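Trainee: fold the following and give me the result.
(one chain, ligands or ions: 2)
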Amino acid sequence: RGGIEFAVADLEAAEFGRKEIRLAEHEMPGLMSLRREYAEVYPLRGARVSGSLHMTVQTAVLIETLVALGAEVRWASCNIFSTQDHAAAAVVVGPHGTTEEPKGVPVFAWKGESLEEYWWCTEKMLTWDGEGPNMILDDGGDATMLVHKGTEYEKAGVVPPADDEDPDEWKVFLELLRASITGAAADSSKWTTIGEGVRGVTEETTTGVLRLYQLAAAGELLFPAINVNDAVTKSKFDNRYGIRHSLIDGINRGTDVLIGGKVAVVCGYGDVGKGAAESLRGQGARVIVTEIDPICALQAAMDGFQVKKLENVLPEADIVITTTGNKNVVMVEHMAKMKHQAIVGNIGHFDNELDMAGLARYPGIHRINIKPQVDEWVFPNGNTIIVLSEGRLLNLGNATGHPSFVMSNSFSNQVIAQIELFTKHEEYDKEVFRLPKKLDEKVARIHLEALGGELTKLTKEQAEYIDVDVEGPFKSDHYRY
Ligand SMILES: NC(=O)C1=CN([C@@H]2O[C@H](COP(=O)(O)OP(=O)(O)OC[C@H]3O[C@@H](n4cnc5c(N)ncnc54)[C@H](O)[C@@H]3O)[C@@H](O)[C@H]2O)C=CC1
Ligand SMILES: Nc1ncnc2c1ncn2[C@@H]1O[C@H](CO)C(=O)[C@H]1O
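Mentor: Ligands and ions are numbered 1, 2, ... in the order given. Predicted structure coming up:
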């Protein structure tokens, strides 16, 4: 319709989506400030941005900010459960379109995608009529990986081999690659051409950033990258205060159990784990932390949390949440020893933090679906556990993810990073970069003012005394916030 390609659950939900996007704009001062700052300048004119990031109301405001700055955009979600269908519909219709005549941007996302559908959406998001994307905006690295793996197999002239040991996610991904490399419309240089056209990628989250550094270390990065996650105004806010808000939102909407008085185990005490522990303690849970890093473990202890090994707290745990960005953190052997109806969930980017494959293979186990994204797994002895969002990040699967204000911080960094790489890509090698502190402080200033905070001004003498400029940056590069 309207000449726009799209695949969303229900275009009729656009009106509802538009109402929530309008409310969200008021809560996203950073993005709205960037629209005003760059009005009529259009720094992203000529940018063709392929975005793989949870298709939520907040992301809708990000997308429409990129468009307001001149970009063309195609979008898919980076998770099968995180799309808010009314937001997806509103983005397709656009602020000035109708469901009969959409005037927005192509979106390929709906809540509850199968793995095959997820990778189909991802390929559609990367496949433009005519010239391909010249920018990628990624969250978790699936879009970046598809371009890199596709290029690798095309250049090697081989079809991705099947390996029965591969996790389902990977099997489906390889199947898509096989089809795109050898299918009827086989264009044996599709992914290579896309990779050559991309000026850069901006990455949202910790796990995606890890994958970028690994590619860069191997000398395989096809284009420059900006690590948005490690902007202080992203990870020290979104990862912590966003989780503090949205973790209990997911648990409450999923299970509605009383958290107060219960024992909650948080695996990992990084930025996300800190927000998770604070969130659960705020509800009156007795929180126990597991950690591998003595520094983060000591922080947890100093913050008043017990620090234990997971296997030693299984008999008392009512809620177990993983926040590590690692894999195989909670195994089926742990789950089999948990209390009856213990709640198990993950808020790391990928579901491999929980041993979902091992759980499904456990002899005599069976699954009862309670409602979308809530499953009761019944062990042969009658004991059950409640697993949220099939182990995928539950704050977006069972709830709506972080609220707009904190996402305004994160997405202001995304927009700044997109402008930086699109307009100055010749200045960047194929490495991973972070934004300068001055821009971090700019994002913080906008959001502090929006909260009514007053900044104290340094005198010239004071600035000299602490060896900073009156206008900042106010900290050294190695300062830990
Ligand atoms: N659901 C959401 O909305 C969000 C999800 N994330 C994701 O959450 C994950 C964590 O992100 P951050 O907290 O920023 O990373 P981080 O690196 O700051 O924290 C992870 C912590 O887990 C610990 N850890 C690693 N393996 C462990 C194990 N086996 N047992 C116990 N602890 C272990 C590490 O020592 C580290 O302290 C990443 O996958 C990130 O992409 C990040 C932001 C928001
Ligand atoms: N409401 C939201 N909309 C879009 N992205 C979100 C939202 N809540 C959390 N995220 C992002 O999700 C990734 C992890 O996949 C983060 O690092 C967060 O920035």
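
Trainee: what's stretch 441-455 in contact with?
Mentor: For stretch 441-455, the external contacting residues (Cβ atoms under 8 Å, 6 or more residues apart in numbering) are 29-30, 33, 231-233, 405, 408-409, 412-413, 416, 472-474. In short, each C-beta sits where N, CA and C put it, glycine included.

Trainee: buried subset of these, written for PyMOL?
Mentor: Those of the contacts of stretch 441-455 that count as buried under 16 or more other Cβ atoms under 10 Å are selected in PyMOL with:
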select buried, resi 29+30+33+231+232+233+405+408+409+412+413+416+472+474
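
Trainee: mind giving me the packing neighbours of the helix or strand encompassing Val265?
Mentor: For Val265, the enclosing helix or strand under DSSP states H and E is strand 263-267. Applying 3 or more Cβ pairs under 8 Å, 6 or more residues apart in numbering; DSSP states H and E, one finds that strand 263-267 contacts helix 271-282, strand 286-290, helix 310-313, strand 319-322.

Trainee: out of these, nearest to Lys424?
Mentor: Evaluated over those, closeness to Lys424 peaks at helix 271-282, with 28.5 Å, by Cβ to Cβ.

Trainee: output the contacting helices and strands for the closest one.
Mentor: Using 3+ Cβ pairs under 8 Å, 6+ apart, helix 271-282 is in contact with helix 243-255, strand 263-267, strand 286-290, helix 294-302, strand 319-322.

Trainee: could you give the angle of the first one to helix 271-282?
Mentor: What separates the directions of helix 243-255 and helix 271-282 is an angle of 60 degrees, with axes from the mean of the first three to the mean of the last three Cα atoms, to 10 degrees.

Trainee: so which elements touch helix 243-255?
Mentor: Here helix 243-255 touches helix 271-282, strand 342-346, strand 384-388, helix 394-397, going by 3+ Cβ pairs under 8 Å, 6+ apart.

Trainee: winner for burial among those?
Mentor: By mean neighbour count, with neighbours taken as mean count of other Cβ atoms under 10 Å, helix 394-397 ranks first of the helices and strands packed on helix 243-255 at a mean of 28.

Trainee: send the alpha carbons of it over as CSV?
Mentor: Backbone C-alpha positions of helix 394-397 (Å, rounded to 0.1, in the frame of the first residue of the first chain) are rendered in CSV as follows:
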residue,chain,number,x,y,z
LEU,A,394,11.6,-10.7,29.6
ASN,A,395,11.3,-6.9,30.2
LEU,A,396,10.6,-6.6,26.4
GLY,A,397,8.9,-10.0,26.0
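
Trainee: what ranges does the stretch 1-150 of the chain have for its helices?
Mentor: 14-26, 29-37, 57-68, 85-93, 115-126, 142-156 (DSSP state H, counting those that start in this stretch).

Trainee: now the helices and strands packed on helix 243-255 in a markdown table, with mean pLDDT?
Mentor: Output for the helices and strands packed on helix 243-255, formatted as a markdown table (pLDDT from 0 to 100):
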| stretch | mean pLDDT |
| --- | --- |
| helix 271-282 | 98 |
| strand 342-346 | 98 |
| strand 384-388 | 98 |
| helix 394-397 | 98 |
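
Trainee: those: which one's closest to Ala357?
Mentor: Closest of the helices and strands packed on helix 243-255 to Ala357 is strand 384-388, at 12.7 Å (criterion: Cβ to Cβ).

Trainee: packing partners for the closest one?
Mentor: Packing partners of strand 384-388 (3+ Cβ pairs under 8 Å, 6+ apart): helix 243-255, strand 342-346, strand 374-378.

Trainee: partners of it in the sheet?
Mentor: Sheet pairing of strand 384-388 (DSSP bridges) gives strand 342-346 (parallel), strand 374-378 (antiparallel).

Trainee: close to ligand 1, is it?
Mentor: No - judged by Cβ under 6 Å from any ligand atom, strand 384-388 and ligand 1 are separated, with a smallest distance of 11.9 Å.

Trainee: mind checking how far that strand is from the chain centre?
Mentor: The chain centroid and the centroid of strand 384-388 are separated by 23 Å under Cα atoms, centre = their mean, to the nearest Å.

Trainee: check stretch 85-104 too.
Mentor: On the basis of Cα atoms, centre = their mean, stretch 85-104 sits 23 Å off its chain's mean C-alpha point.

Trainee: buried residues in it?
Mentor: Neighbour-count burial for stretch 85-104, counted by 16+ other Cβ under 10 Å, picks out 85-94, 97, 99, 102, 104.

Trainee: count the residues that sit near the residue in the chain that ligand 2 sits nearest to.
Mentor: Residue of the chain nearest ligand 2, by Cβ to the nearest ligand atom: Gly401 (2.8 Å). Using other Cβ atoms under 10 Å, Gly401 has 26 neighbouring residues.

Trainee: pretty sure it is in a helix, no?
Mentor: No - with DSSP: H, G, I helix; E, B strand; the rest coil as the criterion, Gly401 is assigned coil and is not in a helix.

Trainee: and the closest residue to Lys430 other than its chain neighbours, what does it touch?
Mentor: In space, and not counting its chain neighbours, Lys430 is closest to Leu221: 4.4 Å by Cβ to Cβ, 6 or more residues apart in numbering. By Cβ under 8 Å, 6+ apart, Leu221 lies in contact with Leu212, Leu215, Lys430, Glu431, Val432.

Trainee: for Leu221, grab phi and psi.
Mentor: Here is the backbone geometry of Leu221 (degrees, to the nearest 10): phi -70, psi 120.

Trainee: does the host helix or strand of Ala417 come close to ligand 1?
Mentor: Using DSSP H and E, Ala417 sits in helix 404-424. No - contact of helix 404-424 with ligand 1 (Cβ under 6 Å from any ligand atom) is absent, the minimum separation being 8.8 Å.

Trainee: the helix or strand following that helix - what's its average pLDDT?
Mentor: Counting by DSSP H and E, the element after helix 404-424 in chain order, helix or strand, is strand 432-433. Averaging pLDDT along strand 432-433 gives 98.

Trainee: hmm, who's touching strand 432-433?
Mentor: Residues outside strand 432-433 that contact it (Cβ under 8 Å, 6+ apart): Val209, Leu212, Tyr213, Ala216, Leu221, Pro224, Ala225, Ile226, Asn227.

Trainee: just how off-centre is that strand within its chain?
Mentor: Taking Cα atoms, centre = their mean, one finds strand 432-433 lying 18 Å from the centre of the chain it belongs to.

Trainee: before we move on, what about stretch 282-290?
Mentor: Computed by Cα atoms, centre = their mean, the chain-centroid distance of stretch 282-290 equals 24 Å.

Trainee: list the buried residues in that stretch.
Mentor: For stretch 282-290, by 16+ other Cβ under 10 Å, it's Gln283, Ala285, Arg286, Val287, Ile288, Val289, Thr290.

Trainee: name the residues that touch it?
Mentor: Outside stretch 282-290, the residues that touch it by Cβ under 8 Å, 6+ apart are 244, 248, 259-269, 273, 277, 280-281, 297, 300, 305-310, 313, 317-319.

Trainee: restrict these to contacts with ligand 1.
Mentor: Among the contacts of stretch 282-290, the ones lying near ligand 1 by Cβ under 6 Å from any ligand atom are Cys267, Gly268, Tyr269, Gly273.

Trainee: enumerate every residue touching Ile63.
Mentor: Contacts of Ile63 (Cβ under 8 Å, 6+ apart): Gly51, Val73, Trp75, Val91, Val105.

Trainee: cool, Lys149 as well?
Mentor: By Cβ under 8 Å, 6+ apart, Lys149 lies in contact with Pro160, Phe173, Leu177, Trp191.

Trainee: which residue packs closest to the last one, ignoring adjacent ones?
Mentor: In space, not counting the residues next to it along the chain, Trp191 is nearest to Gly150; the distance is 2.6 Å by Cβ to Cβ, 6+ apart.
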